[in-house]
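Peer 1: give me a 3D structure for the following:
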Amino acid sequence: MTSPLRNQTYRRLFVAQVVALMGTGLSTIALALLAYDLAGGDAGVVLGTALALKMVAYVGVAPIVGGFAHRLPRRRLLIALDVVRAVAVACLPFVTEVWQIYLLIFLLNAASAGFTPTFQATIPDVLPDEAQYTRALSLSRLAYDIENLLSPTLAAAALLVLSYDSLFAANSLAFLVSALLVLSLRLPSPSPVDRGAGVWHNMSFGIRAYLRTPRLRGLLALSLAVSSAGAMVIVNTVVYVRDHLGGSESDTALAFAAAGAGSMIVALLLPRLLERLSDRPFMFAGGFVLAGGLFLGLAGLDLLALLLAWFLLGVGSSLIQTPAGRLLRRSASEGDRPALYAAQFALSHACWLLAYPLAGWIGGTFGLTVAFALLALVSLISTLAALALWPAHDPSEMEHRHEAVEHEHLHVHDEHHQHPHEGWEGPEPHRHPHRHASITHKHAYVIDLHHPIWPSG
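Peer 2: Sure thing, here's the model as predicted:
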């Protein structure tokens with residue numbers, strides 16, 4: 001697991017990620033306390049609205065930033081977004097009205113919607129070796145799980161001697177530390193991208209390319225399974241443990257820890273397995289494990305059985321989420337990666353935007369048994385849909401045919417571009433009208449300017 005950390009650039013990026021995650025975890029708890037101070041008994045409504053705005057920002061902003069990230073200096077973009085996040089969080093202790101919370105939360109998460117997928121798309125360029133990149137994905141999964149486990153403990157310890165405003169200050173400082181770490185790096189230059197100049201074309205490219213790639217359509221269906229199971233854990237754990245089992249706050253924390261433990265164990269073990277086997281069987285196993293863990297809820301769980309079910313949900317989620325970056329890396333050219341990662345970020349959070357209210361509303365209106373049944377069915381159907389959307393035969397290289405065409409795009413003189421010049425075209429890569437004869441060839445296939453449709457064969 002230490003091999004990617006030997007790369008100095010990745011090591012600093014990973015530290016930046018961990019620091020920012022821990023800061024965000026602290027401010028999430030502080031936000032709940034701030035909402036209670038401002039709204040009292042309506043704090044739940046305020047928090048629910050703030051979380052909805054967070055998801056709206058993720059879904060709406062990520063594709064826009066991803067669509068234009070190839071035109072922006074990557075390091076400056078990451079630093080600027082970190083600074084915006086630091087300023088937004090630093091303003092939270094000074095709010096006096098609920099609408100100000102909504103405004104700052106939207107601004108904070110709009111910046112995160114640009115930062116996170118751009119950051120994630122940078123890692124494959126820093127770690128071109130697939131084995132190292134796979135281990136980096138596992139480290140990232142571990143970082144999220146550890147943050148979920150440690151942040152409440154750290155927040156509780158800090159609140160013994162400090163006010164919750166200090167948690168916002170710590171998060172703001174964490175974002176500034178992240179920005180300084182990125183500033184200290186020389187990131188790889190992104191590859192040239194030729195995508196056309198239209199605003200809508202660039203904004204929608206990532207989503208269009210994502211939905212035209214069969215393996216990514218399968219990933220989206222599996223993401224719905226993950227969000228269905230995750231929403232059950234996040235929304236209904238406290239209700240099940242406290243109301244149905246009569247458990248304590250410690251029992252509630254133990255249940256969350258069981259889900260985190262399942263996820264962490266998979267993140268530790270999976271890289272070695274992926275060196276010998278493909279992603280697909282593990283990810284589908286994850287989908288069926290999620291459905292099975294939720295169906296266990298129909299049996300009427302005591303605390304021990306609940307811990308087992310939540311452990312399985314952590315296992316299933318990590319089996320899907322850990323390898324997801326490998327699919328995105330396979331499915332885009334280097335320059336288009338930010339757009340594809342942004343599409344995954346937006347679409348997966350759209351699944352959460354659906355799953356959160358579904359878990360809460362069904363559980364609150366019809367009871368947790370019905371919620372278990374419905375979300376288990378969603379997970380199972382999503383996994384079966386992914387099986388249909390993502391063919392078992394999924395080679396990276398595909399033979400395909402291009403008809404004769406005359407067009408203009410950025411290119412270098414490789415085996416596909418052999419044509420005369422008149423002296424005005426400039427150094428490579430350059431752009432000028434040229435003609436391609438009809439050709440049938442084989443190479444790593446991704447959706448781009450020259451390959452707008454997935455081959456039917």
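
Peer 1: secondary structure element for R401, which one?
Peer 2: strand 397-402 (DSSP states H and E).

Peer 1: quick check: buried residues in that strand?
Peer 2: Across strand 397-402, burial judged by 16 or more other C-beta atoms under 10 Å covers M398, H400. In this view, the C-beta of every residue, glycine as well, is placed from N, C-alpha and C.

Peer 1: send me that strand as PDB with only the CA atoms.
Peer 2: Presented in PDB, the C-alpha positions along strand 397-402 are these (Å, rounded to 0.1, in the frame of the first residue of the first chain):
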ATOM      1  CA  GLU A 397      -8.800  -2.000 -27.800                       C
ATOM      2  CA  MET A 398     -11.500  -2.300 -30.500                       C
ATOM      3  CA  GLU A 399     -11.400  -2.700 -34.200                       C
ATOM      4  CA  HIS A 400     -13.600  -0.100 -36.000                       C
ATOM      5  CA  ARG A 401     -14.000   1.600 -39.300                       C
ATOM      6  CA  HIS A 402     -13.700   5.300 -40.300                       C
END
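
Peer 1: now the helices for this protein?
Peer 2: 8-39, 43-68, 74-91, 98-126, 130-159, 165-183, 199-211, 214-239, 249-274, 279-295, 303-330, 337-366, 368-389 (DSSP state H).

Peer 1: and the ones you listed: which comes nearest H432?
Peer 2: Relative to H432, the nearest member of these by C-beta to C-beta is helix 199-211, separated by 20.8 Å.

Peer 1: please state the mean pLDDT value computed over that closest one.
Peer 2: The pLDDT scores in helix 199-211 average 81.

Peer 1: check stretch 76-83 too.
Peer 2: Computed over stretch 76-83, the average pLDDT equals 94.

Peer 1: buried residues in that stretch, which are they?
Peer 2: L77, L78, I79, A80, L81, D82.

Peer 1: and if you look at stretch 432-441?
Peer 2: H434.

Peer 1: now it: how far from the chain's centre is it?
Peer 2: Centroid separation between stretch 432-441 and its chain, computed with C-alpha atoms, centre = their mean, to the nearest Å, is 37 Å.

Peer 1: how is the chain partitioned into domains?
Peer 2: What automatic domain parsing lists as the domains of the chain is 1-187, 214-390.

Peer 1: lowest average pLDDT across those?
Peer 2: Among these, domain 1-187 scores lowest, at a mean of 88.

Peer 1: sorry, back to before: export the helices of the chain as TSV, with columns for distance to H436.
Peer 2: Output for these, formatted as TSV (distance: least, C-beta to C-beta, whole Å):
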stretch	distance to H436
helix 8-39	38
helix 43-68	26
helix 74-91	31
helix 98-126	29
helix 130-159	31
helix 165-183	40
helix 199-211	21
helix 214-239	26
helix 249-274	37
helix 279-295	34
helix 303-330	25
helix 337-366	25
helix 368-389	31
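
Peer 1: can you spell out which helices and strands pack onto the strand holding R401?
Peer 2: strand 439-444 (3 or more C-beta pairs under 8 Å, 6 or more residues apart in numbering; DSSP states H and E).

Peer 1: strand partners (parallel or antiparallel) of the strand it packs on?
Peer 2: strand 397-402 (antiparallel) (DSSP bridges).

Peer 1: contacts only, for the residue most central in space within the chain.
Peer 2: In the chain, the centroid-proximal residue (C-alpha atoms, centre = their mean) is F345; its distance is 4.4 Å. Residues in contact with F345, defined by C-beta atoms under 8 Å, 6 or more residues apart in numbering, are Y58, A62, G66, A113, T116, P117, Q120.
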